[in-house]
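Visitor: generate coordinates for the sequence data below:
(one chain, ligands or ions: 1)
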Amino acid sequence: MTVTFLGAARTVTGSKHLLEVNGHRVLVDCGLFQGLKALRERNWQPLPVRADSIESVILTHAHLDHCGYLPRLVAQGFKGRIFCTPATADLTRVVLADAAKLQEEDAERANRKGYTRHQPALPLYTVAEAQRAMTRLQPVGYERPIPVAPGITAEFINAGHLLGSAYARVRIESPAKTILFGGDLGRYGRPVLPDPLPGGSADVLLVESTYGDRVHEADDDGKHFGRIVNDAARRGGKLIMPAFALGRVEEILYWIHRLESRGEIPELPVFVDSPMSATVLTEYRERLAELDVEISQSVGAVAGKLADEHRLCAFCTAKLKVITSIQQSRELQESTSPGIVISSSGMATGGRVLHHLFHALPDPRNTVLFAGFQAPGTRGRLLKDGAKFVRIHGQDVPVRARIEAVDSMSAHADTNEIMRWLGTFDRPPSVTCLVHGEPAPMDALKARIERELNWTVRTPAHQEKIEV
Ligand SMILES: [Zn+2]
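Guide: A predicted model of the protein is given here:
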């Protein structure tokens, strides 16, 4: 039995882990590489094994760096099923449609404006190819083991990282082994999402290490975020928040609503400008039972009509407007009225937020606030690191707006939370592989696990194969 690390190996994107047992191949996650150009170029290369030799895919959650390569896999000949939780299936459809549309638009714009070295620039995949991949999705509820290939079963367990997110417990019949593919790990004691469930036992464990060397800002009940909102309101500018449409928008709205209702921030117009956010918000509202008990119980406590109203208002703010048309988005980009604009992509690598940044960055009254992880090479990372100019749509845009970050809203466990989760295992795995992290946090986490738990830890390189 072997596991080959085809992505998220000593980096944070492109999650793909190939399991090979007795001649059967199963791919766990099928994500897109993002960030640095050298990484993004890997998205154009075929996998080292034939796509039609992979029997099925196990998908841990719907973030693009875990599902965004699926259309390429299907285009290369993959014919199996993509197993995931029902919410992941729904969200993956939204994500892939959006990704394909953005890629088509980017290629079209690059060709029209001539800022491409490729003649012509092509999308990584088309909307039609994304739709073909969606037909392969096979939803399976949490904690229901299901055969994914002969002698291999998989079970999804809530990871608390995103609606529908899971880690996958994969059981091999012969030799009898359990491999736990960690996906992305959520956090403890946060609003909106539940805590990650205990790990139980595993012979081989893969666990993420995005924040392997960091402790998130202590939970300050929204104080830091509130200060930034108040400061932006005082300066009369806009507050632009690049945010993953998936997961982050919901938590940001939750906090704005909470701070508004306590009178800690003014009731500002809040615009959600991301084509997929409206759909994702609906998914969250319809699956409240899968969210944190605080949200699901408050809904259960009110009956009938009241419950419907509450359901509608989960993730509402006093002056919330979900932007639906390009025209509305343009008007908002050009407006200089104070307000909060939440728009994707979260690392400012594409999407409508680029247009907002293009207009907002040169004005010192404005604020740009990052609430999620910024991978190296992304505009988000450049801005966070203090860049004076960033290139957007072929132009250098001066950065005069205030750049802020809050990391208390992160959806990824920090080093203490990862250790806490590892503490839920009833015995040490024979090997623990760290994935989904930059080298520095990964190496720091490896040292910590070895020191505190005395487990055997490996940090596989790209395309490394480990024998189990
Ligand atoms: Zn994720």
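Visitor: which residues of this protein score low on pLDDT?
Guide: Scanning the chain for pLDDT under 70 picks out 115-116, 296-313.
Visitor: could you redo the last one with a cut-off of 50?
Guide: 299-312 (pLDDT under 50).
Visitor: need the longest helix for it.
Guide: helix 86-113 (DSSP state H).
Visitor: and the next element down the chain from it?
Guide: Next helix or strand after helix 86-113 toward the C-terminus (DSSP states H and E): helix 127-134.
Visitor: can you give me the strands in the stretch 301-450 of the chain?
Guide: Taking DSSP state E, counting those that start in this stretch to define them, one finds strands in the stretch 301-450 of the chain at 319-322, 339-343, 367-370, 389-392, 395-398, 402-405, 431-435.
Visitor: which among those is found nearest to the ion?
Guide: strand 431-435 (12.1 Å; CB to the ion). Heads up, the C-betas are built off the backbone N, CA and C, glycines and all.
Visitor: pull the residues that contact that closest one.
Guide: Strand 431-435 has contacts (CB atoms under 8 Å, 6 or more residues apart in numbering) with 3, 5, 8-9, 15, 17, 182, 203-209, 212, 422, 442, 445-446, 449, 455-460, 466, 468.
Visitor: and the ion, which of those reach it?
Guide: Filtering those for proximity to the ion by CB under 5 Å from the ion leaves nothing.
Visitor: buried ones only from those residues, please, as a ChimeraX command.
Guide: Filtering the contacts of strand 431-435 down to the buried ones (16 or more other CB atoms under 10 Å) takes a single ChimeraX command:
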select :3,5,8,9,15,17,182,203,204,205,206,207,208,209,212,422,442,445,446,449,455,457,459,460,468
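Visitor: how about the host helix or strand of Glu452: buried residues?
Guide: Using DSSP H and E, Glu452 sits in helix 439-453. Neighbour-count burial for helix 439-453, with 16+ other CB under 10 Å as criterion, is recorded at Pro441, Met442, Asp443, Ala444, Leu445, Lys446, Arg448, Ile449.
Visitor: show the contacting residues for Asn43.
Guide: Gly14, Leu32, Phe33, Tyr69, Arg72, Leu124.
Visitor: how much space is there between it and Leu6?
Guide: 12 Å (CB to CB, to the nearest Å).
Visitor: got it, and Gly186?
Guide: Applying CB to CB to Gly186 and Leu6 gives a distance of 24 Å.
Visitor: now do Leu137
Guide: Taking CB to CB, one finds Leu137 at 20 Å from Leu6.
Visitor: and the contacts of stretch 451-465?
Guide: By CB under 8 Å, 6+ apart, stretch 451-465 touches 2-7, 9-11, 48, 419, 422, 428-435, 439, 442-443, 446, 449-450, 466.
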